[in-house]
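Engineer: Please find the sequence and the predicted model below.
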Amino acid sequence: MQNYFILIVVLPLIGFLINLFFGKKINSEKFSGWLSSLFVLISFLIGVLLLFELLKLPEDSRKIVFNYFSWISVGNFNVDYSFFVDPLSLVMILVVTGIGFLIHVYSIGYMHNDVGFARFFAYLNLFIFAMLHLILADNFLVIFLGWEGVGLCSYLLIGFWYEKKFTGDAAKKAFIVNRIGDFGFMTAMFLVFTNFGTLNISTFNGSIAGFPVNTPLLVTIALLFFLGAIGKSAQIPLFVWLPDAMAGPTPVSALIHAATMVTAGIYLIARTSLLYALAPVASTVILVVGIATAIISATIALKQNDIKKILAYSTVSQLGFMFIALGTHSYVAALFHLITHAFFKGLMFLGSGSVIHGMHEEQDIRNMGGLRDKMKITYITFLIGAIAISGIPPFSGFFSKDEILYKTFVNAGIIPYLLVLIAAAFTAFYMFRLIGLTFFGKPRYDANIHPHESTSTMTIPLIILAILSIIGGFIGLPSILGYNVLEHWFEPVFKNATLVVQGYNPETEHSANTEIVLIFVSIIVASIAVYVSFKKYSKQDKFTEERGIGKILENKYYIDEFYDKTVVNPIFQTSERFLWKIFDVKIIDGLVNGIATFASRLSLDWRKVQSGIIHDYATLAVSGIILIILYFLFA
Amino acid sequence: MVELNFYLVLSALLFSIGVVGVLVRRNAIIIFMCIELMLNAINLTLVAFSTFLGNDNGQIFVFFVMTVAAAEAAVGLAIVISLFRNKESLDIDKINILKW
C-alpha cells in the first residue's frame, strides 16, 4: 500500500509534465486528452482501493498515515511530507478524482480544436495534483502547498484564453482576492506554530482538546482559518472573484469553480472541526456569513442573464449553505451537500458548456429558448441537475439541503431556518428561470445559428453525473427514512467535535414529527417556487429593461462598483499619486541621484590630483611619509 | 671599531640621495637606479643592525630584498624598453596619459 499509494499524486504530476513539455510537439489531441484522463482515472481507482483498505480496519481506527520524507527541519520546526487517509479525506479523494475524471473526458470534446489543447490538460492535471495535496496533507503547511497550488491552477485556467483582456483581468482578480484569504490562513498557521509548536493537524487537535470553550486564542485561530476559507470558497465579502472566474473554459468552471477547489474552505473547516467546536463564537460568525452569502447571491442569480453567471452565483449560494451547516456544527450535513453539489453543479456547468458549444459561444439566455428539441441529452440531464438543486425528492439535492435545513432548525432556531428556507426557494426559482428561458419557449436566436447536440465524450459524462445526481442522495437518508450511511461513515472523524458541542449545547430531542413537518415544508416551498418560476419564464419572449430592485439585482447590488470605489480606486490613487509620483520619484530617486550628484560635485576638483605625472605621485608619497615621521617624532 | 651610528648616517644619506633623485630626475633609467639606491641603503641598515645586535634575521631579510630587487629590475627594465619603443623617449614627464 505504502508503495503504490504515492502514484495517486505522482501520476497527475507526470501527466502535467508530459503535456507541458511534449504536448505541443506530439500535437495529438487524442494522446494529450486520454493520457491525462487515464492518469486521473488511475488516481480514482487507487482511491477506491483505499476505500477497501479503510473498510478492513475497525471503525475507530480508520486512519492510514503515509510518511514519505522530512520536508523542513530547522530547530524545533519540523514539517514532514506525509499524507493521511481517513474517512473525510477519502470521500474528498473520490469526489475530486471521480468528478475530475469525468470532466477530463468531457474536456476532450469541449476543447476540440483549441490551440492550447495540451496546455489545458497540463493545467488540469496540475490541478488534480495540487488538490490531492490539499486533501491528503496531515499538516497545515502541506495543506497550504495544495491551497496555493489550486489557486495557481485556478489563475492559469481562468486566464486560459489569454489573448482576451477580460480573462486576464478575471484571473488576476481571483488571485488577488484569494491573497486576502491566504493572509488569514498564514496568520492562523503562524499562531498555531508559535502557540503549539507544531503544524501537524493530529498533534494540534491533541493539544487543543483540553482547552476551555471560547478561549480567545482558539477563537482567533478559528476566525483566521475561516478568513482563508472565505477567500477560497467565495463567501461574503470575498465572493466577487468567482462570478468573474467564469471567463475561463466551462470545464474549468465545472471542475474548479463548482465541484472541487471552492469546496476547499469547507474541507479545511471540517478538517479542523474540533477547533470550531471549541470556538462556538467563530461558528456563529460562519453561520451568519453563510446565511448572508446564501441569500444575497441567490437574489443576484434571480436576475442574471449569462447562463454561466447564474450558475456561478448559484455556486456561491450553495457554498453558503455548506457554511451554514458548518456554522451549526453539522459537519456531516456540510460534506453531504458538498458531495451532492459536486454532482449536480458539475453536471449543470457541463450542461451549460454543452449549450454554449451547441449555440456557438452564445451565453445570454435571452438569446436562447426552445433548445429542448435540439439538444435532448443536454436538456434532460440539465433538468435533472436543476431538479436536484431545487430540492425536489428523491433527487440528491433534496436530501442534503433538507439535512441542512433540519440541522439549522434544531441547532440555530427558527429565524435562521426561515432565512435558509427563503434562500432555498430562490434557488429553485432562478434555476427554473434558467431552464424555462433556455430550453422552453420559442427560439430567440439568429436564424443562421443551428444548435446541435454535442459529441459523445461530452454527453456521456453528463449522463453519468445525472445518474449520480439522482441517486447520490441515498447515502445520507434522513433518520426517519432509513439508515444514514454518510453519518455513520464520518462518525470517527467528527466524534471529538460532536462530544465537545454536546458539552455546551445538549441536543434537544426533536420528535420525528418535527422532521416530517420540515420535510414537507421544504418540499412545498421548493415546488411552489419551481411552479411559479417555470410558468412565468417558460413562455417569456420579450425582455424589458429591469427597473428598481430588478436593476439592483441585475447589477449585483453594485458590489463590484462599491469595491472599486472604496478599495481598488484608493489603492490605485495612493499608488499613483503618492507612492509613485512623490515617494518613488522624489524621495527614493531623489536620494539615490542626490548621493551620486554630491559625489560627482565633490570630486570635480579633487580628481585633478590624478595628474598622470609620476613625479607628482612620488612627491605626494614622500611628503606623506615625512608627515608620518614628523608625527611620530613630535607627537 | 666603527660605531653603528656611522652606518646609519651613511645609509640615511644614500636613501635621501635616492629619494631626491627619484623626485627631481626625468630620465626613467636614472629614476630606476635611484630606487635601487634606496633599496640598498635599507639593506645597509639591516646588515648593520644585524651585526650589532647579534641577530641573523636582518641578514636573511637582505637576501629577500636583493631577490626582490633583482626581479624588480627585470620587470622595470622591460617596462623601460617597451616605453622607449612606443615613445622614442625616456622622459618620464611625457608619459602622463593615465589620468582623469
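Structural biologist: Arrived safely.
Engineer: Now do the buried residues in the helix or strand hosting A:Arg119.
Structural biologist: According to DSSP states H and E, A:Arg119 maps onto helix A:117-136. Buried residues in helix A:117-136, counted by 16 or more other C-beta atoms under 10 Å in any protein chain shown: A:117-136. All C-beta atoms are positioned from the backbone trio N, CA, C, and that covers glycine.
Engineer: what about chain B, any weak spots by pLDDT?
Structural biologist: Along chain B, the model assigns pLDDT under 70 to residues B:1, B:100.
Engineer: what's the burial count for the residue of chain B found nearest chain A?
Structural biologist: Across chain B, no residue is closer to chain A than B:Lys99, which sits at 3.0 Å (C-beta to the nearest C-beta). Here the number of neighbours of B:Lys99 (other C-beta atoms under 10 Å in any protein chain shown) works out to 12.
Engineer: SS state for it?
Structural biologist: coil (DSSP: H, G, I helix; E, B strand; the rest coil).
Engineer: How about A:Ser70?
Structural biologist: A:Ser70 is classified as strand under three-state DSSP.
Engineer: who does it bridge with?
Structural biologist: A:Asp80 (DSSP bridges).
Engineer: ok, it touching A:Asp80?
Structural biologist: Yes: with contacts counted by C-beta atoms under 8 Å, A:Ser70 reaches A:Asp80, the gap being 5.5 Å.
Engineer: The two - which one has more neighbours?
Structural biologist: Per other C-beta under 10 Å, whichever of A:Ser70 and A:Asp80 has more neighbours is A:Asp80, with 20 against 11.
Engineer: got the contact list for that one?
Structural biologist: Counting by C-beta atoms under 8 Å, 6 or more residues apart in numbering or on different chains, A:Asp80 touches A:Asn67, A:Tyr68, A:Phe69, A:Ser70, A:Trp71, A:Asp138, A:Asn139, A:Asn200.
Engineer: wait, what's in contact with the nearest residue to A:Trp489 once chain neighbours are set aside?
Structural biologist: Nearest residue to A:Trp489 in three dimensions, chain neighbours excluded: A:Pro87, at 5.3 Å (C-beta to C-beta, 6 or more residues apart in numbering or on different chains). If you count contacts by C-beta under 8 Å, 6+ apart, A:Pro87 has them with A:Leu54, A:Arg62, A:Trp489, A:Phe490, A:Pro492, A:Val493.
Engineer: who are the neighbours of the helix or strand of chain A with the lowest mean pLDDT, in terms of helices and strands?
Structural biologist: In chain A, no helix or strand scores lower on mean pLDDT, DSSP states H and E than helix A:2-5, which sits at a mean of 76. Helices and strands touching helix A:2-5, by 3 or more C-beta pairs under 8 Å, 6 or more residues apart in numbering or on different chains; DSSP states H and E, are helix A:29-56.
Engineer: Would you mind listing the buried residues in the helix it packs on?
Structural biologist: A:29, A:31-37, A:39-44, A:46-47, A:50, A:54.
Engineer: what separates A:Ile625 from B:Asn40, distance-wise?
Structural biologist: Look at A:Ile625 and B:Asn40: by C-beta to C-beta, to the nearest Å, they are 18 Å apart.
Engineer: An error on my part: the question was meant for B:Asn86.
Structural biologist: Taken as C-beta to C-beta, the span from B:Asn86 to B:Asn40 is 30 Å.
Engineer: Could you check which of these two has the larger neighbour count?
Structural biologist: B:Asn40 (18 against 9).
Engineer: which element is that one on?
Structural biologist: Short version, using DSSP H and E: B:Asn40 is in helix B:28-53.
Engineer: What residues of that helix count as buried?
Structural biologist: B:28, B:31-32, B:34-35, B:37-50.
Engineer: Contacts only, for the nearest residue in space to A:Thr378 that is not next to it in sequence.
Structural biologist: In space, and not counting its chain neighbours, A:Thr378 is closest to A:Ser354: 4.4 Å by C-beta to C-beta, 6+ apart. If you count contacts by C-beta under 8 Å, 6+ apart, A:Ser354 has them with A:Met375, A:Thr378, A:Glu453, A:Ser454, A:Met458, A:Thr459, A:Leu462.
Engineer: what about A:Ser354, distance to chain B?
Structural biologist: For A:Ser354, the distance to chain B equals 78 Å [C-beta to the nearest C-beta, to the nearest Å].
Engineer: same thing with A:Lys535?
Structural biologist: 93 Å.
Engineer: Could I get the contacting residues of that residue?
Structural biologist: Listed by C-beta under 8 Å, 6+ apart, the contact set of A:Lys535 is empty.
Engineer: again, only this time at 10 Å
Structural biologist: A:Phe432, A:Gly436 (C-beta atoms under 10 Å, 6 or more residues apart in numbering or on different chains).
Engineer: Quick check: what element follows the helix or strand hosting it along the chain?
Structural biologist: A:Lys535 is part of helix A:512-537, with elements assigned from DSSP H and E. Using DSSP H and E, the helix or strand that follows helix A:512-537 in sequence is helix A:549-554.
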